[in-house]
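Q: Below are the sequence and a predicted model; questions follow.
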Amino acid sequence: MTAPRQRTAVITGAARGIGQGIAERLAQDGFAVALADLESMVENLEEVRGRIEQAGGRAVVVPTDVTDSQQVDALVGRTVEEFGQLDVFVANAGIARVAPLLEMSVDDLDALVRVNLYGVFNSYRSAARQMIDQGTGGKIIGAASIAAHKGFEMLGGYSVTKWGVRGLTQVAAQEWAKHGITVNAYCPGIVGTAMWDLIDEKMTEQSGEERGAALERFSNSISLGRVEEPRDVASFVSYLASPDADYMTGQSVMIDGGIVFN
Ligand SMILES: NC(=O)C1=CN([C@@H]2O[C@H](COP(=O)(O)OP(=O)(O)OC[C@H]3O[C@@H](n4cnc5c(N)ncnc54)[C@H](O)[C@@H]3O)[C@@H](O)[C@H]2O)C=CC1
Ligand SMILES: CC(=O)C(C)=O
């Protein structure tokens, strides 16, 4: 009896934080993983690859700027070249900017949209095209946020992009379900990463409050008011990447505060 084929996954923004957590967890789950992030983060990616290989996993580093659709297509191509097929794509890469709306420029908003929304748009489409060509179906998973369910002061531009990911996810799921592709987004609350540190620091600066006030502000919302760990998000993504999650098609699901189907 031949052993089942090893499943493969791409994770963008895999050099640190949530993306690193997801990559290490999927490798632990038995996936061969393609680790994508900006060229400037290659050293971090190599460290992640080293840890995965030390634990007996398979990983390849593919420097990729998700705002460039050709680079995302090349990322999928490299993954198939290295591992034979694409089964799961996690569009995790993202950036945050903290500013009141009246102090933001359109360029500031543009920078957020390019990474958080166009980057997910490029990723979803490259992944879907490959999965449809393969005729195998697959799992596409995107990074939204609790900020896609509730707008937070000083995260207006960020919320715009995450609301967009939620809409894109639900449309993609409907259009690609006939190909056996599920599309879901994870919407964490606060996760202890470099991004959250930046948000907390900037919110504190902008509002002159004590450090940690941002957590308080989120706590008064639908967030559970605790700082989650990347592994909390990774365990949810591990479920979304598993064959069991077939029915969660087109749903934007929230980790923080339970699951929200909509
Ligand atoms: N940290 C948090 O509290 C939450 C984060 N999220 C989302 O989860 C995702 C990961 O967030 P964190 O790990 O906290 O952020 P992070 O800032 O720690 O890591 C983000 C990674 O994405 C990479 N990246 C940025 N622009 C890129 C581009 N153009 N192409 C390729 N890679 C790029 C960065 O180099 C970095 O390695 C993001 O989409 C974020 O919006 C959602 C909810 C909460
Ligand atoms: C960074 C982010 O998405 C939060 C705190 O919701």
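A: Thanks, I have it. Computed from a predicted structure; not experimentally measured. Ligands and ions are numbered 1, 2, ... in the order given.
Q: Secondary structure class of the nearest residue to residue 119 once chain neighbours are set aside, three-state.
A: Closest residue to residue 119 apart from its sequence neighbours, by CB to CB, 6 or more residues apart in numbering: residue 66 at 3.4 Å. The C-beta positions use only the backbone N, C-alpha and C, and glycine is treated the same way. Following DSSP: H, G, I helix; E, B strand; the rest coil, residue 66 is assigned to coil.
Q: Can you give me the distance of residue 66 to residue 121?
A: From residue 66 across to residue 121, the span is 9 Å (CB to CB, to the nearest Å).
Q: quick one, what contacts the residue of the chain found nearest ligand 2?
A: At 3.3 Å from ligand 2, residue 145 is the closest residue in the chain, using CB to the nearest ligand atom. Neighbour list for residue 145: 158-159, 162, 187-188 [criterion: CB atoms under 8 Å, 6 or more residues apart in numbering].
Q: Kindly state the pLDDT recorded for it?
A: Residue 145 carries a pLDDT value of 91.
Q: Then residue 62?
A: 98.
Q: was I right about it contacting residue 33?
A: No - counting by CB atoms under 8 Å, residue 62 does not reach residue 33; the two are 10.3 Å apart.
Q: Okay, and which of the contacts of residue 145 map to helices?
A: 158-159, 162 (DSSP state H).
Q: of the residues you listed, closest to residue 10?
A: Proximity of the ones in helices among the contacts of residue 145 to residue 10 (CB to CB) peaks at residue 162, which lies at 20.6 Å.
Q: Nearest to residue 28 among the ones in helices among the contacts of residue 145?
A: Nearest to residue 28 among the ones in helices among the contacts of residue 145, with distances taken as CB to CB, is residue 162, at 27.4 Å.
Q: on that earlier part again, can you tell me which of the ones in helices among the contacts of residue 145 are buried?
A: 158-159, 162 (16 or more other CB atoms under 10 Å).
Q: separation between the residue in the stretch 51-200 of the chain that ligand 1 sits nearest to and residue 107?
A: At 2.3 Å from ligand 1, residue 94 is the closest residue in the stretch 51-200 of the chain, using CB to the nearest ligand atom. Applying CB to CB, the value for residue 94 to residue 107 is 18 Å.
Q: Which one's more surrounded, the two?
A: residue 94 (26 against 7; other CB atoms under 10 Å).
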